[in-house]
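Chemist: here are the coordinates; sequence isn't available:
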């Protein structure tokens, strides 16, 4: 589903806050040296829940557990999360540890374990040190702070958060999202965890439909390095405490809610791309006149995913041949004689050949922190969009030394 | 087709030389600052010819011309080649320039233009400077030197060559290959040019069959950066001057010939991976107990293609979770509870969990110039193999500054 975000005054971005009825906490339990490494979110009443999960065949224990938990009743009341240890490739003991974590949180909050999601991110292969996890859960409180948004970070430079407020039949409804993700980021669920809470009152089943659709055009359209992880998930909770009339597809406010939801996911996805490991530039690719939306998405992803394009952008080099080569690698319908490319609005390629651009203007454009590449495939009327970042010395440094 | 190369004494690798009846030359025409940039190979008699070409939709003018030329009569007598300028994305003028180049060579050699292949590599988008090309062709001679093997290089550190001799019904037959390729290298024809000459006498049509099959398991199984180019091709010529009885599938020597041909392509492919832009280590991945050969190839390629795995290998870091994540990203059949991995013969993962390896031994293994990763998918009896290299600061440096 594509929604037009331009010219909408139906929602407003506000300072990050929890929607009505949500509490949280984050702290340093000892999984990482200094930084926050555990946290949770809690809704004072059970919330409708939906999720999307990694497509990697090696799905981590907490990811599988959360998926199964949500699928039982489509309801959650809390999500516990930790960084540093991914609890992935950890066998039966890993499954047991995820279950124990779920149970400990349920006991502390005095709710059913089936209402608790579990999310982990960090190094693959190590077992969760359950003594630290247990002590961490003991220390977690129900507060208004937003420390949990830091507790899920790994190589991220900063927390990624957004709150949007919309009016639904006279009631203010808030949607608040946060996520982590920096490396191992690729379409089809990046190495990322995303959490979206809202106080909207929404019809059964609709939350999953909106989430799945909007993840496709946001989180699934970013790439940092072409790798996908074993732990990825986006989970959303809607506790209904805004007390709006239940949202259905026929509600007059339904399109605004979807727009606002899209904006939350899209902003978080772009934040991840911008904070890609080692990155110095956010790269946005827009494709127009594609034969199909799928073609447009494919071409946009191929360009942001090309190591050569990414290196050239880091070098502030208008090496457009690499963009053309990336387009041609896809099986999208391409008018190979009439493909055109612009970089930050300057023509780079016209009809599949070099445009007569001003070198100085182009150099200036390439020095921006955000590079927008527009591709016209001259093959139809559909569009596509994707985000990524440049490939830098720092990406190599970060990933050559991640474990040791 | 897979051929066993071990324990064969049916062929021997000899010092690089041209097979009977081939002459060549290479020189500095002025496309590059100092290094050789033009060259040719010539057979004193028309040779059976076969080729495989880039799958990129933006196919360069010389690549299309050579494909069409070979497809006419499956015969070539000469191939002209240049580096520095790819003659790709150059429109009608580019096509005309490729044709003119073909015609000039044909005139100089006094042969039909339909017997002349044209190959270019270098920067996409610039037109060939035809004055330099014309003067270069005027200067080229028919000699025994092997300068042409340097003339096709771009960011390659060294020429990649191999000659193999086999005995076919008492006659010595030589197969000599050379290639270029360093960046923009990926399965489905890497950014590479490969040329294989032989004096074998071989049945019509069989050369293409062998080439296509052997390219699949060699050049199509290497990756440097996941990008494919507009100019790639592998062309082979067989002039029959060894005077062996015509090789057919029923010849007793046919398997030896295919083995030797495979060895030429496999050696060149590994040379390309080892000389990958900025690389410090050759990475070989072998997959065993895959459900199908296709699954094995897919998994092998996914591992050598992962930026995270490549960065970890550069950092000499046994971060095996990234290998597991790369395997899980494919749609190959995987026994997710019983997948095992070895690195240079040391167990890294046993039954999808950390092996109890000696850190010191592993550190020693990781310091090697060649890293061999063996994966057991526990899902069948098929195998797969691929080659790549590590991802380094130098890769970024080379590609951030390639054009300017």
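Modeler: Ah, there it is. Keep in mind it's a predicted model, so treat the numbers as computed, not measured.

Chemist: and the helix or strand harbouring residue A:136, what does it pack onto?
Modeler: Under the criterion of DSSP states H and E, residue A:136 resides in helix A:130-139. Helices and strands touching helix A:130-139, by 3 or more Cβ pairs under 8 Å, 6 or more residues apart in numbering or on different chains; DSSP states H and E, are strand A:38-53, strand A:75-82, helix A:91-109. The C-beta positions use only the backbone N, C-alpha and C, and glycine is treated the same way.

Chemist: mind giving me the packing neighbours of the second one?
Modeler: To tie it back to what came earlier, the one meant is strand A:75-82. strand A:38-53, helix A:61-73, helix A:91-109, strand A:116-120, helix A:130-139, helix A:148-151, strand A:193-198, strand A:233-238.

Chemist: chain center to the fifth one, what's the gap?
Modeler: Put simply, helix A:130-139 sits 27 Å off its chain's centre (Cα atoms, centre = their mean, to the nearest Å).

Chemist: return the residues in contact with the residue in the stretch 51-200 of chain A positioned nearest to chain B.
Modeler: Scanning the stretch 51-200 of chain A for proximity to chain B using Cβ to the nearest Cβ identifies residue A:124 as nearest, at 2.5 Å. Taking Cβ atoms under 8 Å, 6 or more residues apart in numbering or on different chains, we find residue A:124 in contact with A:60, A:86, A:88, A:89, A:229, A:230, B:320, B:321, B:322, B:324, B:325.

Chemist: one more time with 10 Å
Modeler: A:58, A:60, A:85-90, A:184, A:229-231, A:403, B:319-325, B:354 (Cβ atoms under 10 Å, 6 or more residues apart in numbering or on different chains).

Chemist: ok, for it, nearest residue in space, not its chain neighbours?
Modeler: Once flanking residues are discounted, residue A:124 sits nearest to residue B:321: 2.5 Å by Cβ to Cβ, 6 or more residues apart in numbering or on different chains.

Chemist: how far away is the one you found from residue B:247?
Modeler: 49 Å (Cβ to Cβ, to the nearest Å).

Chemist: where does pLDDT dip in the stretch 1-150 of chain A?
Modeler: A:1-9 (pLDDT under 70).

Chemist: buried set for the helix holding residue A:136?
Modeler: A:132, A:133, A:136, A:137 (16 or more other Cβ atoms under 10 Å in any protein chain shown).

Chemist: so which residues of the stretch 201-350 of chain A form helices?
Modeler: Under the criterion DSSP state H, counting those that start in this stretch, the stretch 201-350 of chain A contains helices at A:206-216, A:254-274, A:293-305, A:307-314, A:321-329.

Chemist: so which helix or strand takes in residue A:179?
Modeler: Short version, using DSSP H and E: residue A:179 is in strand A:171-180.

Chemist: and that strand, what does it pack onto?
Modeler: strand A:11-14, strand A:22-27, helix A:148-151, strand A:160-168, strand A:193-198, strand A:233-238, helix A:254-274 (3 or more Cβ pairs under 10 Å, 6 or more residues apart in numbering or on different chains; DSSP states H and E).

Chemist: residue A:288 and residue A:384 touch, don't they?
Modeler: Yes. Counting by Cβ atoms under 10 Å, residue A:288 does reach residue A:384; the two are 8.3 Å apart.

Chemist: mutual contacts of these two, please.
Modeler: A:296, A:375, A:377.

Chemist: hmm, back to that, among the helices and strands packed on strand A:75-82, which is nearest residue B:76?
Modeler: For the helices and strands packed on strand A:75-82, proximity to residue B:76 was assessed by Cβ to Cβ; strand A:38-53 is nearest, at 53.5 Å.

Chemist: the closest one: how far from the chain's middle?
Modeler: The answer for strand A:38-53 is 16 Å, by Cα atoms, centre = their mean.

Chemist: neighbour-wise, which of residue A:288 and residue A:384 wins?
Modeler: The residue with more neighbours, out of residue A:288 and residue A:384, is residue A:384; 26 against 17, by other Cβ atoms under 10 Å in any protein chain shown.

Chemist: can you put the helices of the stretch 201-350 of chain A in a markdown table and add mean pLDDT and mean neighbour count?
Modeler: Formatted as a markdown table, these follow (pLDDT from 0 to 100; neighbours: other Cβ atoms under 10 Å in any protein chain shown):
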| stretch | mean pLDDT | mean neighbour count |
| --- | --- | --- |
| helix A:206-216 | 90 | 20 |
| helix A:254-274 | 89 | 22 |
| helix A:293-305 | 93 | 24 |
| helix A:307-314 | 88 | 27 |
| helix A:321-329 | 88 | 27 |
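
Chemist: among those helices, which is nearest residue B:94?
Modeler: Closest of the helices of the stretch 201-350 of chain A to residue B:94 is helix A:321-329, at 12.5 Å (criterion: Cβ to Cβ).

Chemist: report all helices and strands that that closest one contacts.
Modeler: Right, helix A:321-329 is packed against strand A:282-290, helix A:293-305, helix A:307-314, strand A:340-343, strand A:346-350, strand A:370-376 by 3+ Cβ pairs under 10 Å, 6+ apart.
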